[in-house]
Each structure stands twice: as C-alpha cells, then as structure tokens.
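**Q** Here is the input, now give the coordinates:
(chains A and B)
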Amino acid sequence: AQRVTQPEKLLSVFKGAPVELKCNYSYSGSPELFWYVQYSRQRLQLLLRHISRESIKGFTADLNKGETSFHLKKPFAQEEDSAMYYCALGGATNKLIFGTGTLLAVQP
Amino acid sequence: DTGVSQDPRHKITKRGQNVTFRCDPISEHNRLYWYRQTLGQGPEFLTYFQNEAQLEKSRLLSDRFSAERPKGSFSTLEIQRTEQGDSAMYLCASSPGGGDTQYFGPGTRLTVL
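**A** Below you'll find the model as predicted:
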C-alpha cells in the first residue's frame, strides 16, 4: 500500500538550530516525493520536489530509496520557517498521498 | 491573482442539505484535482480530471459526491444529503499535466451542523 509517514506532529527548535523533518514512505514503484508547506493563513504551496534537487529557502531533501526516506533539512532555522510541513508521494496516477504533517515552531 | 481560486471559502449547512463548491484552476492547466482535509490530517485525494474527463475517483467519494468539469475549465464538487462527517476543508489543485507540480487553491471549509 502507498503510504507516507511523518512521525512528528510538532517539532520545536530555537532560531539558528538545525532542523530535520522526517518523512518515510511506502511505494512499490518509482516514487516522486514532494515537500509542501503551509504558512499561517496561506494556501498549501510546494517547497521542493526530489527530481529538481533544488534548495529552496535553505531547505534540502534527499531521497534515500534504501531507507525509503525523504527527510527535510535546514542547517539554521529562521523564525519565518514556522509553518506546517507536509511530505507527499506521487506515483503513476499523479495523485498525491500526503503525510499527516509536522508543525515546525521556531522559537526566538 | 492568477492562482487557483475556490468559491465559497466557507460554507455552513444543516445536515441533509446539498452543497456545491466551485474551483477555477490556473488558466490552461489540463489537470484538476480535488482533495479533502480533516483536522489533524493531511489532504486526502478524492478525484481528478484530465480536461473534462474524470479519470480517477477515490473510495472516499461516496455516491453522495459528484464532481464535474464540463468544459475542461472550472470544476464543481457537489455533496448531496450532507452528513456531519462531511465537515472538512475541500481543496482543489491544478497542474499543467500529469507529473507536474500541483498548485493548490485556498480551500472551501464546510461545516455541517
């Protein structure tokens, strides 16, 4: 079965600390992985996708097929990074399967 | 604003009533998706269209739900005989084609009393 697991509902860090948001997936084919972010009172928006291998707002994510993971990382958290982060899996049918999300709270 | 738009943004209805939501995708996007999000959960896929053709429906989409995209542009999602369990945020997304980035609208929050 296709599934995305985000084990942490809440991650609280101090400004300047490293951040790692965990995402594990289950998929039998060739996965496409995404990170979406939702800032307060804003719509869901794409942060990054694994095939582009871009770094957006200092965030990076590497697809590890052996561990079936796609963790989101940032070396130094900023207060404006506080938001809800969703990991999503796309496959042959192009629908997205989302995890339950992790709320990142960056304390000053 | 050339992003995905949804109307209404909020809808409060009584159990048993019918409701209809509208989604206007980004111009020239061929794919249109509907998702539902309940409290504490990520969005869950409901259905999607390639132009006017509805290509896939989730098992979540009971026979009380129907979606259309008559001219391959805007889409409507209708829920008949609403139940309290239908209370959720209904999200629409569009993409240029399959495999492309999906752009989300602001959502319609439905409350069934």
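**Q** in what helix or strand does the residue in chain B that chain A sits nearest to lie?
**A** Closest residue of chain B to chain A, CB to the nearest CB: residue B:42 (3.1 Å). Where you see a C-beta, it was placed from the backbone N, CA and C, and this is true even at glycine. With the criterion set as DSSP states H and E, no secondary-structure element contains residue B:42; it sits in neither a helix nor a strand.
**Q** so who does it touch?
**A** Taking CB atoms under 8 Å, 6 or more residues apart in numbering or on different chains as the definition of contact, the neighbours of residue B:42 are A:4, A:86, A:88, A:98, A:99, A:100, A:101.
**Q** give me that answer again for 6 Å
**A** Counting by CB atoms under 6 Å, 6 or more residues apart in numbering or on different chains, residue B:42 touches A:86, A:98, A:99, A:100, A:101.
**Q** Which residue comes closest to residue A:84 once chain neighbours are left out?
**A** By the measure of CB to CB, 6 or more residues apart in numbering or on different chains, the closest residue to residue A:84 outside its immediate chain neighbours is residue A:38, 4.5 Å from it.
**Q** returning to what we had before: the contacts of residue B:42 also near chain B: which ones?
**A** A:86, A:98, A:99, A:100, A:101 (CB under 6 Å from any CB of the partner chain).
**Q** So what sits opposite the most centrally placed residue in chain B in the bridge?
**A** The centre of chain B sits closest to residue B:34, judged by CA atoms, centre = their mean, with a distance of 3.6 Å. Per DSSP bridges, residues listed as beta-bridge partners of residue B:34: residue B:47, residue B:92.
**Q** isn't it right next to residue B:49, touching?
**A** No: the pair residue B:34 / residue B:49 is not scored as a contact, 8.7 Å apart, by CB atoms under 6 Å.
**Q** about what we covered before: mind putting the contacts of residue B:42 in JSON lines, pLDDT included?
**A** Putting the contacts of residue B:42 into JSON lines (pLDDT from 0 to 100) gives the following:
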{"residue": "A:86", "pLDDT": "98"}
{"residue": "A:98", "pLDDT": "96"}
{"residue": "A:99", "pLDDT": "97"}
{"residue": "A:100", "pLDDT": "97"}
{"residue": "A:101", "pLDDT": "97"}
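**Q** List, one by one, the residues from chain B near chain A.
**A** Looking at chain A, the residues of chain B close enough under CB under 6 Å from any CB are B:41, B:42, B:43, B:45, B:98, B:99, B:101, B:104, B:106.
**Q** could you flag which of these are buried?
**A** Among the residues of chain B next to chain A, those that count as buried by neighbour count (16 or more other CB atoms under 10 Å in any protein chain shown) are B:42, B:43, B:45, B:104, B:106.
**Q** Report the two of the residues you listed separated the most.
**A** Between all members of those, the longest pairwise span (CB to CB) is found for B:45 and B:106 and amounts to 18.3 Å.
**Q** Distance-wise, check residue A:68 relative to residue A:56.
**A** From residue A:68 across to residue A:56, the span is 23 Å (CB to CB, to the nearest Å).
**Q** Could you pick out the residues of chain A near chain B for me?
**A** Going by CB under 6 Å from any CB, the residues of chain A near chain B are A:43, A:44, A:46, A:86, A:94, A:95, A:98, A:99, A:100, A:101.
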